[in-house]
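Participant: My questions concern the predicted model and sequence given below.
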Amino acid sequence: MSPTLERLVRHRTRRTRRRWTVICGFLALAVFLFGLTLSVGQSVVAPRDVLRVLAGEPVPGASFVVGQLRLPRAVLATLAGVCFGLGGAAFQTMLRNPLASPDIIGITSGAGAAAVFAIVVLQMSGPIVSLLAVGAGLCVALAVYGLSFRNGVGGTRLILVGIGVSTMLQSVIAYLLSTAPSWSLQEAMRWLTGSVNGAQLQQALPLLLAIGLFGSLLLSRVRDLEALRLGDETASALGVQVNRTRMTVIVSAVGMIAAATAITGPIAFVAFLSGPIAARIVRASGSLLLPAALVGAILVLAGDYAGQVLLPSRYPVGVITGALGAPYLLLLIVRVNRTGGSL
Amino acid sequence: MTDHTLVATGLSAGYDGKTILHGLDLAIPTGRITIIVGANACGKSTFLRTLSRLLVPTKGHVLLDGASIHRTPARQLARTLGLLPQAPIAPEGITVADLVSRGRHPHKSLFSRWTRKDDEAIDSALAATKTFDLAERPVDELSGGQRQRVWIAMALAQETDILLLDEPTTFLDIHHQIEVLDLLTDLNRARGTTIVMVLHDLNLAARYADVLVAMTGGQIHAFGPPGEVLTEDMVRTVFGLESRVIADPLSHCPMMLPIGRHRMAGHEAA
């Protein structure tokens, strides 16, 4: 092997190794937070007892707290985080803009509005709500895409249209909640900022289905999505079918985002933050999807843990992630102003 | 050497229902450097975009080895026909070696592993563009000339026998313009790559082209060796400019000197 070739291979191996080290680090952190949620809350359950509960053994004093309260919470937080992280990073990568996240451009609010409508007005519950939310999310995505289409999709135009649509749908949610006669504050908070309060284990099923179906669809396009980062024309020159890739990415990302929104509500800014945080740490080597999925899980697990245990009073997870996300949104907008729109 | 043929027949294309190319016929000479020149909005970029499948023609065909490129599977086409667009985007923080490796995309499927052949293609692309020493640097830190060489390296790593370039020298100073055109000539001579590019500078086009194509009004006005195409008549028809064409003392190619209203010595002022 020539020395230059050897150096290239070394450089590539280093890049790959760095990427997988970071991914393993994210995974370890997510597992740690999952375990922490199970074992340390208002009461502390020894890790050994946690494992026994998970194995299905009855443990007095722990079976209910860990098995019925904390486990569903941790599972939903993890799965919803993965959905938001994956969907958000897919949109941001595809449109090459961190502001083009589903929670900024109205997809989350669309899914949320449909879920609230189904629950409050149509008095539905269960998987049908998730289906409606996915349908509504897709409709909003296509509407925003269509409204901003002129000789291809311009990033800034799509974001502005999306922000408008999002605001409109949020007022629909607020209106529906205000007309609901006996609506608890906790439930209202779920639809306004997102929360995993009152989680039940069977709610994990639609999320698992969404991740299995849409997640694998998305991952099958991961290389084409990577090529899109070089610009639509370059991607096309590299043999990517740009429109088909876009459609696949939109459908699968919206599917996951909407499924998660129907269960936990729009957990604020997780979709928006996961990709950029992952990008900052992994740097530009390789696809952001997997790291962003893990960061999403970490954000929701950590946000929920902080809201439940670390702060003086209890907050739903969306309040915590919202407080993290808002400053970052401001920072991005300041940066857009400085660079004249090119992020 | 390659024997791929790229032919446009009766090609019409445009944007928003406005036709820009009007029934254009051209057989790209295999293994040569073809340079397209013309005034702004004459359709030269549209022509290149249609040749490279970025734009679907409203009439006519682009045939690669006799088969319409709009019906060839995208990945297969991208192994023969490469394109460097005018404004490609480098993801933030990407290193040169990583960017160049993206050129291997059409040679890979979802599950195929990275092979020695891929590394060799990148190695030789970096060597040909003299960018090996930049390999581990982030692309955003490079100068304009270096960056353009890196993008050409990415197109080389794609290992296509035909390479289309849309104004590869725009935004470069004259030193880097010459560097890029020399590099493309090296590539054409060493690998026999068929090169088609759009260029603004008539004199550089005349010097570096084997075949010069002058376009006006979405049609081909003249086509052939620079010595036959670059004439005072052509410059008048295509650019609406009076000029004098002399022999370039260095290359003996034709060289165009524009005639303006000011600063002309004596009787030639238009």
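Facilitator: Structure's in. What do you need? Residues are numbered from 1 along each chain as shown, chains lettered A, B, ... in the order given.

Participant: hey, let's count contacts and neighbours off CA atoms from now on
Facilitator: Fine.

Participant: ok, for whatever residue of chain B ends up closest to chain A, nearest residue in space, not its chain neighbours?
Facilitator: At 4.1 Å from chain A, residue B:75 is the closest residue in chain B, using Cα to the nearest Cα. Nearest non-adjacent residue to residue B:75, counting by Cα to Cα, 6 or more residues apart in numbering or on different chains: residue A:239, 4.1 Å away.

Participant: residue contacts, the one you found?
Facilitator: B:74-78, B:105-106 (Cα atoms under 8 Å, 6 or more residues apart in numbering or on different chains).

Participant: Which strand or helix spans it?
Facilitator: Per DSSP states H and E, residue A:239 falls between elements, in no helix or strand.

Participant: which bits of the stretch 101-250 of chain A sit near chain B?
Facilitator: With Cα under 8 Å from any Cα of the partner chain as the criterion, the stretch 101-250 of chain A meets chain B at residues A:151, A:220, A:223, A:227, A:229-231, A:233-234, A:236-241.

Participant: which one of these is nearest residue B:41?
Facilitator: Residue B:41 lies nearest to residue A:151 out of these, by Cα to Cα, at 17.5 Å.

Participant: about what we covered before: among the residues of the stretch 101-250 of chain A next to chain B, which are located in helices?
Facilitator: Using DSSP state H, A:223, A:227, A:233-234, A:236-237 are the members of those that sit in helices.

Participant: Most neighbours among the residues you listed, which one?
Facilitator: Neighbour counts for these peak at residue A:237, which has 30 neighbours (criterion: other Cα atoms under 10 Å in any protein chain shown).

Participant: Output the ones in helices among the residues of the stretch 101-250 of chain A next to chain B as JSON lines; include the columns pLDDT.
Facilitator: Supplementary listing: those in JSON lines, determined by pLDDT from 0 to 100:
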{"residue": "A:223", "pLDDT": "91"}
{"residue": "A:227", "pLDDT": "92"}
{"residue": "A:233", "pLDDT": "91"}
{"residue": "A:234", "pLDDT": "94"}
{"residue": "A:236", "pLDDT": "94"}
{"residue": "A:237", "pLDDT": "94"}
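
Participant: Determine which two of those residues are furthest apart.
Facilitator: Top of the distance list for these (Cα to Cα): A:223 and A:233, 15.6 Å.

Participant: sorry, back to before: okay, the ones in helices among the residues of the stretch 101-250 of chain A next to chain B in a markdown table with distance to residue B:167 next?
Facilitator: Shown next, in a markdown table, are those (distance: Cα to Cα, whole Å):
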| residue | distance to residue B:167 |
| --- | --- |
| A:223 | 28 |
| A:227 | 22 |
| A:233 | 14 |
| A:234 | 14 |
| A:236 | 18 |
| A:237 | 16 |
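
Participant: just the residues you listed now: which is nearest residue A:129?
Facilitator: Looking across those and measuring by Cα to Cα, the closest to residue A:129 is residue A:223, at 32.9 Å.

Participant: which helix of chain B spans the most residues?
Facilitator: Per DSSP H, chain B has its longest helix at helix B:174-191.

Participant: got a list of contacts for it?
Facilitator: Outside helix B:174-191, the residues touching it (Cα under 8 Å, 6+ apart) are B:1, B:31-33, B:128-129, B:145, B:148-149, B:168-169, B:193-195, B:208.

Participant: Out of those, name the ones that lie in helices.
Facilitator: Per DSSP H, those map to helices at B:128, B:145, B:148-149, B:208.

Participant: In contact with the residue nearest the centre of chain B, which residues?
Facilitator: Nearest residue to the geometric centre of chain B (Cα atoms, centre = their mean): residue B:197, 2.1 Å. Under the criterion of Cα under 8 Å, 6+ apart, the neighbours of residue B:197 are B:34-36, B:48, B:164-168.

Participant: Turn those residues into CSV, columns for neighbour count, pLDDT and distance to residue B:231.
Facilitator: Formatted as CSV, the contacts of residue B:197 follow (neighbours: other Cα atoms under 10 Å in any protein chain shown; pLDDT from 0 to 100; distance: Cα to Cα, whole Å):
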residue, neighbour count, pLDDT, distance to residue B:231
B:34, 25, 97, 17
B:35, 27, 97, 16
B:36, 25, 97, 15
B:48, 21, 95, 24
B:164, 25, 96, 25
B:165, 23, 96, 25
B:166, 21, 94, 24
B:167, 19, 93, 22
B:168, 23, 93, 24
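
Participant: Can you tell me which of the contacts of residue A:239 are buried?
Facilitator: B:74-75, B:77-78, B:105-106 (16 or more other Cα atoms under 10 Å in any protein chain shown).

Participant: May I see the residues you listed organised as TSV, with pLDDT and secondary structure added?
Facilitator: Formatted as TSV, the buried ones among the contacts of residue A:239 follow (pLDDT from 0 to 100; DSSP: H, G, I helix; E, B strand; the rest coil):
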residue	pLDDT	secondary structure
B:74	92	helix
B:75	91	helix
B:77	93	helix
B:78	94	coil
B:105	94	helix
B:106	94	helix
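
Participant: how many neighbours does residue B:180 have?
Facilitator: 21.

Participant: Just confirm residue B:36 is within a strand.
Facilitator: Yes: assessed by DSSP: H, G, I helix; E, B strand; the rest coil, residue B:36 belongs to a strand.

Participant: Now that it has come up, it's in contact with residue B:216, right?
Facilitator: No: assessed by Cα atoms under 8 Å, residue B:36 is found out of contact with residue B:216, at 10.7 Å.

Participant: so how far is residue A:170 from residue A:179?
Facilitator: 14 Å (Cα to Cα, to the nearest Å).

Participant: got it, and residue B:227?
Facilitator: For residue B:227 relative to residue A:170 (Cα to Cα), the value is 67 Å.

Participant: Please work out which residue of chain A is closest to chain B.
Facilitator: Counting by Cα to the nearest Cα, chain A gets nearest to chain B through residue A:239 (4.1 Å).

Participant: Am I right that residue B:135 is in contact with residue B:101?
Facilitator: No: Residue B:135 lies out of contact with residue B:101 (Cα under 8 Å); the separation is 10.6 Å.

Participant: Straight-line length of stretch A:280-291, end to end?
Facilitator: 11 Å.

Participant: buried set for it?
Facilitator: Counting neighbours by 16+ other Cα under 10 Å, stretch A:280-291 gives A:282-291 as buried.

Participant: Next: stretch B:229-240.
Facilitator: Buried residues in stretch B:229-240 (16+ other Cα under 10 Å): B:229-235, B:238-239.

Participant: How about stretch B:194-214?
Facilitator: So for stretch B:194-214, counting by 16+ other Cα under 10 Å, buried means B:194-200, B:202-214.

Participant: From these, which land in helices?
Facilitator: Using DSSP H, the subset of the buried residues of stretch B:194-214 located in helices is B:202-208.

Participant: Could you list the low-confidence segments of chain A?
Facilitator: Scanning chain A for pLDDT under 70 picks out the ranges A:151-155, A:182-186, A:284, A:336-343.

Participant: Can you pull up the most central residue in it?
Facilitator: Of all residues in chain A, the one closest to the mean position by Cα atoms, centre = their mean is residue A:84, 0.9 Å from it.

Participant: From the contact counts, what lies against the host helix or strand of that residue?
Facilitator: Secondary structure assigned from DSSP H and E places residue A:84 in helix A:71-95. On a contact count with 3 or more Cα pairs under 8 Å, 6 or more residues apart in numbering or on different chains; DSSP states H and E, helix A:71-95 meets helix A:3-39, helix A:204-210, helix A:222-228, helix A:242-264, helix A:270-282, helix A:289-305.
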